[in-house]
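Colleague: after the sequence you'll find the predicted model.
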Amino acid sequence: MKMRTTTTEPMLKGLSVLLCVLLGLLLSGCGKPPAIVRGEHPLPAGVSLVDSEPGQYGGIFILNETTQPTTFNPMVPNNLSTSMVLSRLLSSLVAYDPRTERFIPGLAESWEVGPEKKSYTFRLREGLRWSDGMPLTADDVIFTFDCILADAVDEVSGKVLPRYPSRYYQQFQINGEKLRYRKLDARTVRFDLPTVYAPFIYDIGQPILPKHKLEAAFADGSLLKQWSTQVAIEDPESIVGSGPFVVHSYRPGERLVLRPNLHFWKADRNGQRLPYLDYLVYRFVSDSNTAIAHFATGKSDASGIGADDYEWVRRAVDTYDFSIRERGPSASVNFFWFNQHRGSDEAGNPYVAPYKLRWFTDKRFRQAMLYGLNRQGLIDALLFGKGEPLTSIIAPAQGRWHNPNLPRYEYDPEKARALLRESGFDWDAAGILRDREDRPVSFELLLVESPFYDKIGVTFVENMKDLGIAVTLQRADFATLLRRTDGTFDYDMTMLGWGSSSAAYDPSGSKALYLSSGAYHQWYPEQPEPATEWEARIDTLIGLQERTLDMEKRYAYMHEVQAILAEELPLLYGFTPYGYVGIKNKWRNVYVPKAGSTLWNIEELWTEQGGVN
Amino acid sequence: MITFICRRLFSLIPLLLVVSLLVSLLMYLAPGDFLTQARASKDISPELIAQQERQLGLVDAAGEPTRWFVRYGRWLANVSPIKYGPWVGEEERGLHFGSPYFGESWTYKVEVLSLLKQRVPATFLLSLTSITFAWMIAIPLGVLAAIYKDSIFDRISALLAYAALSIPEFFLAILAVYFAAVTGLFPEGGRSSVASEFYSPALQLVDYAYHLILPTIVLGLGGVAGMMRIMRANFIDYMRSEFITATRAKGLKERVIMFKHVLRNAINPLLTSFGYAFSSLLSGALLVENVMNYPGLGQLIFDALMREDQYVVMAGVVMGVFMLVLGNLLADLLLAWSDPRIRLEGPSRNGGGSSATKGLLVWLILLGVLLLEILLESFAPVWLAGIGTVLKYLGMGVALVLALTCVALVAYCVYTLTRNLLGQVLRRPAGAISLSVLFVLYLGALLAPFLAPYPITQQNLASPYHPPSGLVWQDGGLQVKLYEQVEAGSSRYVQKEGAAGTTPLRFLVQTEPYRLFGLLPLEHSLFGIASDHPAARFYLLGADDTGRDIFSRLLHGSRISLSIGLIGVSITLMMGFFVGALSGYFGGTFDFISMRLVELLMSVPTLYLLLALRSALIEPGLSPVQVYMVIVVILAILGWAGTARIIRGMTLSIRNRPFVLAAECMGQSPVRIIVQHILPNVSSYLLVAATLSIPGYILGEAALSFLGLGIVEPSASWGLMLKQSQGNMIVFFMNFWWMLAPGFAIFATVIAYNVFGDVLRDCVDPKMQIR
């Protein structure tokens, strides 16, 4: 035995030396990234000069993402992560500045609205080039809209359908008519709308495609097969863009590395072409906990931080030299609603039992439910107090669209009881709430399967128990839930939430929710005619705000819509967490907007400490 | 050798066909499809959806949903290397040969094969390294434990092995990630570091290796324990065999004897297990891959299953089965290399020809049934519905009978245990300890409403993440400390000042009325506090994020977690026993069919099958109790195959014993013989198998709940609680350690079962190899 130990010792030593050498190799920067050669190409004549503090080149920015891009082709229906990445690769005619909450020039240096407010003329910057050096002209803009709006006659039904289906197709059917567009000269494009349509400037922000690259695919019908993830892996060079970055390499499940587009059309005051960064790395982490743990241990440069994680991430602020910025209430909203569908199914059975419909269509009943839900308690417990109850379908993060003077419906069981009593409910000896016909009040809460909603649902059940109401929880996957809320209308009450990823906001995006005829008018969709006066009023207001370009008026109309919704409470709002964003202190020119991407101005970020971290 | 390999690969074809058919069918049955998400999103028009539906082949020309056989047929036609136009895969008339086309991922719009090409190497490598790791640890430890049998080393290694076996893999992975995050010694996950993008190829390899270390350890550790026990048992076995005595007599050196003669023989069973170890790793990899962010096959298939990206799932599962068969083949080759006595060409089973015809016959019958179904579905759907109803009631009847036999069988096994084995088990310290731990756990579950101070759902939003309440002896009695938050919304608590800081612990406190054992109406719980302050609670094990008492939830949760194993194992045992005994007793066609079924079940990566079954069987709107039952049944259906194989082997040897022959001569019916003569002989083995497979159910439930597919609120199970406790890294970084109590409970239960099972096995037959 003794002999054995003596022989293993030097071996161990050797092994540990070897390990040390290997580790040393790993940690030392011997894998220096290839330098980016800049300054080869002159700036375009129409370059956009940013007014932020000029910086210096260099640096790698690492971001964790939980979902991966599924394509690099904006025409293919995609997910949030894909559109984030695409926005780095492709530019649009206009951009949105979250600081001023206004649209600013993008590829177009200016635009004019015609005298009747029905036409828009965009003038492109002079000397724009794609990342492969080819000029970017009005032809590309026309090509982009050709792609979006191309029709094909369906062989089976004979109906006219989009040739390349994308969500943009629908967007540019305004009042049932297709958007018209034509090239005036090499740098000018004119769009004609059938009617005054305020959200147009919001819709026009989709990326412009390179005609010289995709024309052939457009013609032979393989457009949607272009620029797949496979292309990004094998031949990233062929993905040509006009954004601040181009694809350097893509390893699915691992990372996507972007490097600067040497033909980008923005520069700083000193005439340095943006972006400053050498590389922008998206690292894919399937689990959001791991993503945050990475950031909290200094392994990524920026990260959104949930209100519930804020407490512990904050502890590492000094160790890893980052700071956490508060963004205020997030742009995501969630809400409960009762099924108020007054119709009946084919067999003539009402979707909602008449006695239940009587409860659900009673405003005071709905108000009582909201008074009875301890939303602040939920915020205190689940979010460590870092959140606030919602008052409107338009989150406070949406700036001036949000109406700040709305009733808050703070937790008040007594008020809830008073309202219930007022509308004819009463409690029996066992404390069970009964309606006028002496029916005990009980209903089902249908929830999508998610731990977060579970907690809210369980709290709702407990709160309602205090009011003498028996609520049972039922869970369904998202698909089933939607089938029941939008198709078979077989539910009592349910809850949904949605978030907005972009800082630019326009209420017309959720028109289908406000309009009583809309498909997403959740509590009673696709009404043949407005069921109530207040719904009719909302219909009018939504129409009005779309037909004016005066922002003040639009805000005022939407404030009235929110006031009506807050009084009638067809949607019982939940709560929204405060958003936090952590970013390493070494980065300059960071401006964190209230909503949308933190890194909306990534091309302007720079650091004095370049190199790998 | 070549013919052997060819035969193996040839046998792969029917297996792949059946598995792909199964998966395709399950995906067809699962509610929703790939476009469900799109249908839900606000800005996609119905026309667009309809167009997509046609493009993806979800509906036919008339707009009706395509039938399952059309979908499967289309897939098969594409995959088949032989295409015959215009029906199979090719437009043009005539016979074509083409490379198999596995379709396109609907999500990524990329060919499935190229998607798999990105992922398979990573998973393959990880599986290989973790098996190697497990062997490298298990073999030396097993050998040492055998050589120094009953020494302190043996004991400690056994204990460690139990511990490794009892930690849920995903939990270990979480711990590893936490360890990596805190120490910085290892990467927290991923396959390569960001900087490696710019490394030289050699350094990139080092980087890959560096990233493999933690996942390898996490994945490998689970296998170590089982292999070590097998190794130890074998080694002891051979150490006592005659040829070893002969070598000793010849005067060979002890080292040579041990490592040349014993080891070489003892290692063979491990080699055989290689194939299945490989497949179970493929399944286990999913959880570890998810937590450790390792871009492997598991993640891809799981995502695809959740999105119903059909072709990816099918190709992935086919690939998984292929890898498994490859693993088995490799194991056989290894075995042949290590043990020259084994002939690869295989023992020419008497009547090899008849077995082949039998196989063909079975396939023909299967095909016939499928064709009949297709015909009925296409031309007489009403009949099909009728047949379906008949089958349903028939099935319910059978299920009832089975359930009754199940109860009888379990009762019989327990009777055997108490009568023959209990004394023996209790005489050994390990047995006594584990049995009493189990007894306490089950007692806790039975008396949960009485022992738990609070109802399972009662929240206390004012005290999220409340730490465990302290107890002090003061004023002649036990006093519970009361706490308050340092500031509102903070998770830090301090004891209240002065007299408000404590309240006496009371026994038999008034609670909401309940029925103990479902019968006895009671309205007191064993202990609690009586305080004027509504938010004052006695949190023995702290509170969760909505202020629910973890101790109470743990007790209530134990009802699910502990019973899931018992019920599941009863079903498994019953099926395993009957299928095994019948096929062992009768042999012939029944044997042939059931053994093929067993092989099939054992060759599909379990977790994927489980997920597919779950999505197909769990319809929306099931109550938590029903979800629970479905999960138990799924786990049991997947689990009986192994038992059946062992029982079959045992029955085969018993049926040739004189007393069975005698019974046959006396004209006893086969059922009587099986129940009266075979069952008593295998009952103790059944018992051991049961005890050792219960942990699998408990861990299975935990894994399912961890993926969010198991037990749902407001019910509680340990798996669900564990998932909730580590829903984010808060638990670790804020030191809410009490939230891990369910993890400890799982650990304790599983370890108790494992120890108990091992003791039982030692009592029954120390050489038995069940795992």
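Modeller: Yep, it's here.
Colleague: C-alpha only now, for contacts and for neighbours.
Modeller: Noted.
Colleague: does A:Val581 belong to a helix, a strand or coil?
Modeller: strand (DSSP: H, G, I helix; E, B strand; the rest coil).
Colleague: which residues in the stretch 201-350 of chain A form helices?
Modeller: A:211-220, A:229-234, A:288-296, A:310-313 (DSSP state H, counting those that start in this stretch).
Colleague: for B:Gly642, see how far away the residue of the stretch 101-250 of chain A found nearest chain B is.
Modeller: The nearest approach of the stretch 101-250 of chain A to chain B comes at A:Arg167, 5.7 Å away (Cα to the nearest Cα). Distance, A:Arg167 to B:Gly642, by Cα to Cα, to the nearest Å: 51 Å.
Colleague: before we move on, what about B:Leu263?
Modeller: 26 Å.
Colleague: so after the longest helix along chain B, what's the next helix or strand?
Modeller: Counting residues, the longest helix in chain B under DSSP state H turns out to be helix B:201-239. Next helix or strand after helix B:201-239 toward the C-terminus (DSSP states H and E): helix B:242-250.
Colleague: report the distance from that next one to the chain centre.
Modeller: How far helix B:242-250 lies from its chain's middle: 43 Å, per Cα atoms, centre = their mean, to the nearest Å.
Colleague: which other residues reach whatever helix or strand comes next after it?
Modeller: Later in the chain than helix B:242-250, the nearest helix or strand by DSSP H and E is helix B:254-256. Residues outside helix B:254-256 that contact it (Cα atoms under 8 Å, 6 or more residues apart in numbering or on different chains) are B:Arg248.
Colleague: now helix B:254-256: average pLDDT?
Modeller: Helix B:254-256 carries an average pLDDT of 83.
Colleague: rewinding a little: what about the residue of the stretch 101-250 of chain A closest to chain B, distance to A:Gln206?
Modeller: 11 Å.
Colleague: check B:Gly700 too.
Modeller: Applying Cα to Cα, the value for B:Gly700 to A:Gln206 is 47 Å.
Colleague: of these two, which one has the most company?
Modeller: B:Gly700 (22 against 18; other Cα atoms under 10 Å in any protein chain shown).
Colleague: now for the strand or helix carrying that one, which elements pack on it?
Modeller: Assigned by DSSP H and E, B:Gly700 falls within helix B:679-706. On a contact count with 3 or more Cα pairs under 8 Å, 6 or more residues apart in numbering or on different chains; DSSP states H and E, helix B:679-706 meets helix B:381-416, helix B:550-586, helix B:624-655, helix B:718-725, helix B:741-764.
Colleague: adding distance to chain A, write those out as TSV.
Modeller: Below are these laid out as TSV (distance: least, Cα to the nearest Cα, whole Å):
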stretch	distance to chain A
helix B:381-416	22
helix B:550-586	14
helix B:624-655	9
helix B:718-725	8
helix B:741-764	17
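Colleague: ok, now which ones touch A:Pro350?
Modeller: Contacts of A:Pro350 by Cα under 8 Å, 6+ apart are A:342-344.
Colleague: wait, I meant A:Ala512
Modeller: A:518-521.
Colleague: chain B: which of these is nearest?
Modeller: A:Tyr520 (7.7 Å).
Colleague: what's the distance between the nearest residue to the closest one once chain neighbours are set aside and A:Trp523?
Modeller: Residue nearest to A:Tyr520 in three dimensions, not counting chain neighbours: A:Leu513, with 4.4 Å by Cα to Cα, 6 or more residues apart in numbering or on different chains. A:Leu513 sits 9 Å away from A:Trp523, going by Cα to Cα.
Colleague: which neighbouring elements make contact with the helix or strand encompassing B:Gln51?
Modeller: Element membership of B:Gln51, judged by DSSP H and E, is helix B:46-56. If you count contacts as 3+ Cα pairs under 8 Å, 6+ apart, helix B:46-56 packs onto strand A:160-162, helix B:36-40.
Colleague: can you tell me the strand partners of the first one and which way each runs?
Modeller: Take DSSP bridges as the rule and strand A:160-162 pairs in its sheet with strand A:151-153 (antiparallel).
Colleague: got the contact list for the partner strand?
Modeller: With contact meaning Cα under 8 Å, 6+ apart, strand A:151-153 is reached by A:159-164.
Colleague: kindly report the same for stretch B:707-716.
Modeller: If you take Cα under 8 Å, 6+ apart as the criterion, stretch B:707-716 is touched by A:450, A:454, A:458, B:456-457, B:553-554, B:556-557, B:560, B:624, B:627-628, B:631, B:701-702, B:704-705, B:717, B:720.
Colleague: same check, this time on stretch A:239-247
Modeller: Under Cα under 8 Å, 6+ apart, the answer for stretch A:239-247 is A:72, A:87-91, A:129-132, A:209-210, A:213, A:227, A:231-232, A:236-237, A:256-261, A:263-265, A:274-275, A:603.
Colleague: PyMOL command to pick out the buried ones of the residues you listed?
Modeller: Buried members of these, defined by 16 or more other Cα atoms under 10 Å in any protein chain shown, are picked up in PyMOL with:
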select buried, chain A and resi 72+87+88+89+90+91+129+130+131+132+209+210+227+231+232+236+237+256+257+258+259+260+261+263+264+265+274+275+603
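Colleague: please flag which of the contacts of stretch A:239-247 sit within strands.
Modeller: Applying DSSP state E to the contacts of stretch A:239-247, the entries found in strands are A:256-260.
Colleague: adding distance to chain B and pLDDT, write the residues you listed out as TSV.
Modeller: Shown next, in TSV, are the ones in strands among the contacts of stretch A:239-247 (distance: Cα to the nearest Cα, whole Å; pLDDT from 0 to 100):
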residue	distance to chain B	pLDDT
A:Leu256	10	92
A:Val257	9	92
A:Leu258	12	93
A:Arg259	13	92
A:Pro260	16	93
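Colleague: of the residues you listed, closest to A:Phe575?
Modeller: Of all the ones in strands among the contacts of stretch A:239-247, the one with the least separation from A:Phe575 (Cα to Cα) is A:Leu256, at 34.6 Å.
Colleague: quick check: that closest one touching A:Val281?
Modeller: Yes: between A:Leu256 and A:Val281 there is a contact under Cα atoms under 8 Å: 5.8 Å.
Colleague: what strand or helix carries A:Val158?
Modeller: Actually, residue A:158 is Gly. It isn't Val. Applying DSSP H and E, one finds A:Gly158 in no helix or strand.
Colleague: look at it and report its pLDDT.
Modeller: 72.
Colleague: and the one 10 residues further on, by the same measure?
Modeller: According to the prediction, A:Tyr168 has pLDDT 79.
Colleague: I'd like the distance between it and A:Asp203.
Modeller: Distance from A:Tyr168 to A:Asp203, by Cα to Cα: 8 Å.
Colleague: so which of those two has more stuff around it?
Modeller: A:Tyr168 (18 against 15).
Colleague: looking at it, the more buried one is touching A:Ile148, isn't it?
Modeller: Yes: the pair A:Tyr168 and A:Ile148 passes the contact test of Cα under 8 Å, sitting 6.5 Å apart.
Colleague: which neighbours do the two have in common?
Modeller: Common neighbours of A:Tyr168 and A:Ile148 are not found (criterion: Cα under 8 Å, 6+ apart).
Colleague: fine by me, we can end here.
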